[in-house]
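[1] Starting from these lines, generate the structure:
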Amino acid sequence: MRAAVFTVLLLLMLYQGEALECNYCYSKGSDLCTPTGTQICSRSADACGAVILQGPLQVSFRQCMNMAVCQGYITTPGAFAQCCSTDLCN
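    Here you go, the predicted model:
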């Protein structure tokens, strides 16, 4: 029994799930920025987002983010956002 518990714990410690990978860029004063690279998301960042914030100085970015935060941009006046959860989907 102890061997089985030890084996399960060892497997859990060795298992590392695939982290989400997102496009990355940041731009001021233009349309949606063109990706300049990628980033591997932390565990708390479960989505890739592409966001445009309109105003006197337009800002756009693509990056890893929390899905709830990304979805918050969708309902923000003057903001346009795409939220997704597969590699390089933004």
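[2] residues touching the residue nearest the centre of the chain, list them.
    The chain has Cys64 as the residue nearest its centroid, 2.3 Å off, counting by Cα atoms, centre = their mean. By Cβ atoms under 8 Å, 6 or more residues apart in numbering, the residues touching Cys64 are 20, 22, 24, 39-42, 45, 47-49. The way it works is simple: take the backbone N, C-alpha and C, and place the C-beta from them, glycine included.
[3] could those be laid out in CSV, adding pLDDT, neighbour count and secondary structure?
    CSV is the format used below for the contacts of Cys64 (pLDDT from 0 to 100; neighbours: other Cβ atoms under 10 Å; DSSP: H, G, I helix; E, B strand; the rest coil):
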residue, pLDDT, neighbour count, secondary structure
Leu20, 99, 21, coil
Cys22, 99, 26, strand
Tyr24, 99, 17, strand
Gln39, 98, 16, strand
Ile40, 99, 12, strand
Cys41, 99, 20, coil
Ser42, 98, 11, coil
Ala45, 98, 20, coil
Ala47, 99, 23, strand
Cys48, 99, 28, strand
Gly49, 99, 25, strand
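[4] could the residues you listed be laid out in JSON lines, adding distance to Thr75?
    Below are those laid out as JSON lines (distance: Cβ to Cβ, whole Å):
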{"residue": "Leu20", "distance to Thr75": "23"}
{"residue": "Cys22", "distance to Thr75": "21"}
{"residue": "Tyr24", "distance to Thr75": "24"}
{"residue": "Gln39", "distance to Thr75": "25"}
{"residue": "Ile40", "distance to Thr75": "28"}
{"residue": "Cys41", "distance to Thr75": "22"}
{"residue": "Ser42", "distance to Thr75": "24"}
{"residue": "Ala45", "distance to Thr75": "20"}
{"residue": "Ala47", "distance to Thr75": "15"}
{"residue": "Cys48", "distance to Thr75": "18"}
{"residue": "Gly49", "distance to Thr75": "14"}
